[in-house]
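Trainee: task: produce atomic coordinates for the following.
(one chain, ligands or ions: 1)
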Amino acid sequence: MMDFEPTELADVLAKNEHGDSLISVLEEIQTQYRYLPQDAMILVSERLGVSLSQVYSVATFYHAFSLMPRGEHTIRVCTGTACHVRGAVQVLSRLETKLGVRPGGTTGDRQFTLETVNCLGCCALGPVVVLDDEYEGQMTPKKVDKFLKRAMRQAGGER
Ligand code: FES
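Mentor: Have a look, this model is predicted:
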């Protein structure tokens, strides 16, 4: 995971100085850093001549943007009713313990962001956990350990 370097933004800003939208600049920054660092938003505001509050209002309006650092991988736990009654809380709690983060949090090595969702549309498989786009049904706290081992192996293999 890259840390924010103002010099790296020069190209993005230069490309977008002539008429491209604030959104496309923010999209490029989000793609590069997986979130919108505060310093980057200040720089964007100065260079594009847009107020900082306008930059923030766009950044917070779209779900695609994150103001917090995000992990390379996202683990989503469904806590909708069907998954809840089948033990999603225990599954989530196990993931929180193993990863050392609460929902919305990202691990210190920026590998994983943990999130909860309300329903993934596959209630019959509940409790459901998703690693990026891979769905895993009938999760139990015990299965979480295996799931995480595999997730870490995949994450490690990508480096
Ligand atoms: S409630 Fe979990 S998939 Fe629908």
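
Trainee: OK, contacts around Leu13?
Mentor: Contacts of Leu13 were listed using CB atoms under 8 Å, 6 or more residues apart in numbering, and they are Val25, Leu43, Val44, Arg47, Leu48. Any C-beta I mention is one placed from the backbone N, CA and C, and that applies to glycine too.

Trainee: please, where are all the strands along this structure?
Mentor: 73-78, 112-117, 129-131, 134-136 (DSSP state E).

Trainee: closest to the ligand among the contacts of Leu13?
Mentor: Distance to the ligand, by CB to the nearest ligand atom, is smallest for Val25 among the contacts of Leu13, at 35.7 Å.

Trainee: burial of Phe61, as a residue count?
Mentor: For Phe61, the neighbour count with other CB atoms under 10 Å is 10.

Trainee: so what pLDDT did it get?
Mentor: You'll see Phe61 listed with a pLDDT of 92.

Trainee: what does stretch 55-62 rub up against?
Mentor: Leu22, Ile23, Leu26, Leu36, Met41, Val44, Ser45, Phe65, Leu67.

Trainee: and if you look at stretch 128-137?
Mentor: With CB under 8 Å, 6+ apart as the test, stretch 128-137 has contacts from 73-78, 83, 91, 95, 120, 122, 125-127, 139, 143-144, 147, 151, 154.

Trainee: so how far is Asn118 from whichever residue of the chain sits closest to the ligand?
Mentor: Minimum separation of the chain from the ligand (CB to the nearest ligand atom) falls at Gly80, amounting to 2.6 Å. Computed as CB to CB, to the nearest Å, the Gly80 to Asn118 distance reads 5 Å.

Trainee: and these two? which has more neighbours close in?
Mentor: When neighbours are counted by other CB under 10 Å, Gly80 and Asn118 differ, and Gly80 comes out ahead with 18 against 10.
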